[in-house]
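Q: A structural model of the following input is requested.
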Amino acid sequence: MKDIKLLLAILVVAIVWGTTFLGIRIAVETIPGWFVAGIRQSIAALIMLSILLYKKELKWFGWKNLSYQIIFSTLMLIGANGLTTVAEESISSSLASLISATTPILVFIGSLLIGLEKFNIKGLLGVLMCFSGILFIFWDGLHEFSNPAFSNGIILLFCAITGWALGTLFTKKLNLKTSNISLNLFYQFLFAGIVQIGLAFIFSENHNFSNWSLRSISSMIYLAIFGSVIAFYSFHYALTKISPIQISILSYINTIIAILLGWLILDEEISLKFIIAAFLIIIGVFITNYKPEMFKKSK
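A: A predicted model of the protein is given here:
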């Protein structure tokens, strides 16, 4: 089959990124969130380093490019990934995945503000549907905000999706292209790993190294190898074959997989209102991002 590699890449991105919310929730059962994020990115950096050394592609690429990678790393790995990991110490993986699914809406709103998108009724309808979905999530659970751990987790999660949205807008605004993804990823992972481990020692009250379970450690290694390295490689490979708009559809699959896994493996409660909220948010994001060419074959 001609496109078997593309099919595998799409399946990896759709499935693996959908499992990362579950992986994070299991990892933070016994390991502080910043340690999970920092060690995950450090392992990913070592893997990238091994690949670069094997290919003899490790090199210095200049301060300007390094500054771009630090910005990406700060917004997307330290901000988005790191804060999501810490947030899941106090909220469920299914809730984290559902709120994270609203990121494209923030990207759309940000694009309007900086002139990358034009206002349209379709976009407004999508935003309103997503907002309605968020209201459904918290309608019966407003009392939970009296729990500082829960409210802090929600705040951190919204900061996380804001970081990812800003990183996406930064990429779109500069329209940067790269000739060596592995090299860029190495510097991004390395910077994020160092900073996050530093944050772990600063903000983690109890390191509990002796209490880290094999289950949590295994999950953390899974996140590094599959969630950070393999899925990211698959994502970029898919980008060489199909358009970014087509790949964006995978985010809906990620959310559904994350919710199902949270329910099946961690016995997370999925109420009727939660299902309605998921439907509203996914449809809202789809409407906002829909373009006729998203289902056409990319040239």
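Q: In contact with Ala87, which residues are there?
A: Contact analysis of Ala87 by Cβ atoms under 8 Å, 6 or more residues apart in numbering lists 33, 96, 153-154, 156-157, 160. C-betas here are computed from N, CA, C, even on glycine.
Q: hmm, try it at 10 Å
A: 24, 28, 33, 95-96, 99-100, 150, 152-160 (Cβ atoms under 10 Å, 6 or more residues apart in numbering).
Q: Give me the nearest residue to Ser94, chain neighbours excluded.
A: Excluding its sequence neighbours, the residue lying closest to Ser94 (Cβ to Cβ, 6 or more residues apart in numbering) is Gly262, at 3.7 Å.
Q: CA atoms only for whichever helix or strand the one you found is part of, dumped as CSV, please.
A: Assigned by DSSP states H and E, Gly262 falls within helix 250-266. This file holds the C-alpha atoms of helix 250-266, laid out as CSV (Å, rounded to 0.1, in the frame of the first residue of the first chain):
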residue,chain,number,x,y,z
LEU,A,250,-7.0,14.6,14.9
SER,A,251,-7.5,16.8,17.9
TYR,A,252,-11.2,15.7,18.1
ILE,A,253,-10.1,12.1,18.1
ASN,A,254,-7.5,12.8,20.8
THR,A,255,-10.3,14.2,23.1
ILE,A,256,-12.6,11.2,22.6
ILE,A,257,-9.8,8.7,23.3
ALA,A,258,-8.7,10.5,26.4
ILE,A,259,-12.3,10.6,27.8
LEU,A,260,-12.9,6.9,27.1
LEU,A,261,-9.6,5.9,28.6
GLY,A,262,-10.2,7.9,31.7
TRP,A,263,-13.6,6.2,32.1
LEU,A,264,-12.3,2.7,31.3
ILE,A,265,-9.0,2.6,33.2
LEU,A,266,-9.3,5.2,36.0
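Q: so for it, what's the average pLDDT?
A: In this model, helix 250-266 carries a mean pLDDT of 84.
Q: and it, which residues are buried?
A: Neighbour counts over helix 250-266 (16 or more other Cβ atoms under 10 Å) mark 250-259, 261-263 as buried.
Q: so how far is stretch 127-140 from its chain's centroid?
A: 21 Å (Cα atoms, centre = their mean, to the nearest Å).
Q: Buried ones from the contacts of Ala87, can you make that a ChimeraX selection?
A: Buried members of those, identified by 16+ other Cβ under 10 Å, are gathered into one ChimeraX selection as follows:
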select :24,28,33,95,96,99,100,150,152,153,154,156,157,158,160
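Q: So which of the contacts of Ala87 are in strands?
A: Residues of the contacts of Ala87 located in strands (DSSP state E): none.
Q: returning to what we had before: TSV for the buried residues of helix 250-266, including distance to Leu124?
A: TSV is the format used below for these (distance: Cβ to Cβ, whole Å):
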residue	distance to Leu124
Leu250	25
Ser251	20
Tyr252	20
Ile253	25
Asn254	25
Thr255	22
Ile256	25
Ile257	29
Ala258	27
Ile259	26
Leu261	33
Gly262	31
Trp263	32
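Q: wait, which of these is closest to Ile287?
A: Proximity of those to Ile287 (Cβ to Cβ) peaks at Tyr252, which lies at 11.7 Å.
Q: mind listing what that closest one touches?
A: 14, 18, 101, 104, 278, 281-283, 285-286, 289.
Q: Can you flag which of the residues you listed belong to helices?
A: Per DSSP state H, helices hold the following members of those: 14, 18, 104, 278, 281-283, 285-286, 289.
Q: For the buried ones among those residues, write the corresponding ChimeraX selection.
A: Buried residues among the ones in helices among the contacts of Tyr252 (16+ other Cβ under 10 Å), as a ChimeraX selection:
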select :14,18,104,278,281,282,283,285,286,289
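Q: Lowest-confidence one in the ones in helices among the contacts of Tyr252?
A: Lowest-confidence member of those: Asn289, scoring 67 (pLDDT).
Q: Show me what the strand or helix carrying Leu124 is in contact with.
A: Assigned by DSSP H and E, Leu124 falls within helix 121-138. Under the contact criterion Cβ under 10 Å, 6+ apart, helix 121-138 has outside partners 95, 98-99, 101-102, 104-106, 108-109, 111-112, 117, 120, 144-145, 154, 158, 271-291.
Q: 8 Å - rerun?
A: Identification of contacts with helix 121-138 by Cβ under 8 Å, 6+ apart yields 95, 98-99, 102, 105, 108-109, 112, 117, 145, 273-274, 276-281, 283-290.
Q: same question, stretch 216-234
A: When contacts are defined by Cβ under 8 Å, 6+ apart, stretch 216-234 is touched by residues 8-10, 12-13, 16-17, 19-20, 23-24, 26-31, 36, 39-44, 47-48, 181, 185, 189.
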